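Participant: Got a predicted structure here, sequence first:
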Amino acid sequence: MPVTIGGPMPNTPFSDDLAATSHTSLEDGYALCIGCILIAVGLAMLRAAHLVTGGTAGLALLISRFISISPGVLFAVLNLPFFILAARVMGSWFTARTIIVSLGIAGMSMVIDATTRIASGNPAVAAIAGGTLLGMGTLALARHGAGVGGVGIVTLWLQNARGWNAGRTQIAIDALVLAAAGVFLRPDRLLWSAVSALMMASVVYLWHRPGRYTGVSATRRRPPA
């Protein structure tokens with residue numbers, strides 16, 4: 001029988017959808033590694049093209065324009081206050097995984113910075129590919145019991161506690177981040193940054209739905225026992 005990592009799940013709105021998937025420890029660990037890699041590469045592509053994006057990732061990219069610190073490391077630092085919310089409303093199981101993921105993204109970003117050179121290239125390609133990688137990384141983490149931290153914790157909590165679609169909520173927050181970035185970016189870079197945020201949020205909006213991979217629709221949940 002498959003054994004889920006971390007023992008029994010806490011009684012949170014998020015745990016119901018996770019319980020239905022019954023991932024093994026190996027599946028969870030592999031997916032979390034993949035999520036960290038995708039997000040770290042997506043951040044590197046956007047940084048090389050001098051773009052930002054939405055959410056905490058966008059803030060990290062924006063700050064990295066002014067200080068010589070990897071956006072992945074800044075991403076982990078900015079996540080710290082949100083771990084308090086995660087521990088209170090999502091449970092210790094979810095929070096522990098999210099902290100590990102945040103450290104994983106920081107570590108992978110440092111490895112990429114030290115070993116890999118990404119040319120700036122075409123901002124359109126960076127916006128589309130980088131934003132999609134961030135979205136797919138976020139999706140991989142969410143489907144295996146973790147979050148990317150930051151506002152991602154807030155959007156997942158609102159979706160499971162109040163039924164607010166995580167993608168729509170993310171778009172609203174992204175708009176605020178991009179508005180702040182507009183003070184520092186050229187109009188063309190701001191436009192492509194908005195495209196990257198849209199690509200990231202679209203992946204979450206389309207594929208992170210309750211029951212999306214379990215045969216349970218958002219409107220037809222399992223009947224109570």
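Facilitator: Arrived safely.
Participant: Please work out how many residues are found near residue 65.
Facilitator: 13 (other Cβ atoms under 10 Å). C-beta coordinates here come from the backbone N, C-alpha and C atoms, glycine included.
Participant: any idea what the closest residue in space to it that isn't next to it in sequence is structurally, helix, strand or coil?
Facilitator: Leaving aside its sequence neighbours, residue 65 sits nearest to residue 184 (Cβ to Cβ, 6 or more residues apart in numbering; 6.9 Å). Look at residue 184: counting by DSSP: H, G, I helix; E, B strand; the rest coil, its state is coil.
Participant: what number of residues lie near residue 184?
Facilitator: 12.
Participant: tell me the pLDDT at it?
Facilitator: Listed pLDDT for residue 184 reads 90.
Participant: So it is in contact with residue 61, correct?
Facilitator: No. Look at residue 184 against residue 61 with Cβ atoms under 8 Å: they stay out of range, at 10.9 Å.
Participant: which residue ranges form the helices in this protein?
Facilitator: With helices called from DSSP state H, the chain shows them at 13-21, 25-48, 55-64, 71-89, 92-115, 123-142, 151-162, 166-181, 187-207.
Participant: any idea which of those helices is most buried?
Facilitator: helix 55-64 (a mean of 25; mean count of other Cβ atoms under 10 Å).
Participant: what about residue 151, distance to residue 138?
Facilitator: Using Cβ to Cβ, to the nearest Å, residue 151 is found at 11 Å from residue 138.
Participant: Repeat that for residue 24.
Facilitator: Residue 24 is 22 Å from residue 138, by Cβ to Cβ.
Participant: average pLDDT across stretch 166-177?
Facilitator: Mean predicted confidence for stretch 166-177 is 80.
Participant: whoops, stretch 107-122 was the one
Facilitator: Rounded mean pLDDT across stretch 107-122 is 86.
Participant: Centre of the chain to it, how far?
Facilitator: Relative to its chain's centre, stretch 107-122 lies at 19 Å (Cα atoms, centre = their mean, to the nearest Å).
Participant: Ok, stretch 173-182 next?
Facilitator: Using Cα atoms, centre = their mean, the offset of stretch 173-182 from its chain centre is 17 Å.
Participant: Repeat that for stretch 68-76.
Facilitator: The answer for stretch 68-76 is 15 Å, by Cα atoms, centre = their mean.
Participant: Over to stretch 66-75?
Facilitator: Using Cα atoms, centre = their mean, the offset of stretch 66-75 from its chain centre is 17 Å.
Participant: What of stretch 58-68?
Facilitator: The answer for stretch 58-68 is 17 Å, by Cα atoms, centre = their mean.
Participant: Give me the residues contacting it.
Facilitator: Contact with stretch 58-68 is made by 43, 46-47, 50-53, 69-72, 74-75, 78, 150, 174, 177-178, 180-181, 184, 193, 197, as judged by Cβ atoms under 8 Å, 6 or more residues apart in numbering.
Participant: go with 7 Å
Facilitator: Stretch 58-68 is contacted by residues 43, 46-47, 52-53, 70-71, 74-75, 78, 174, 177-178, 181, 184, 197 when judged by Cβ atoms under 7 Å, 6 or more residues apart in numbering.
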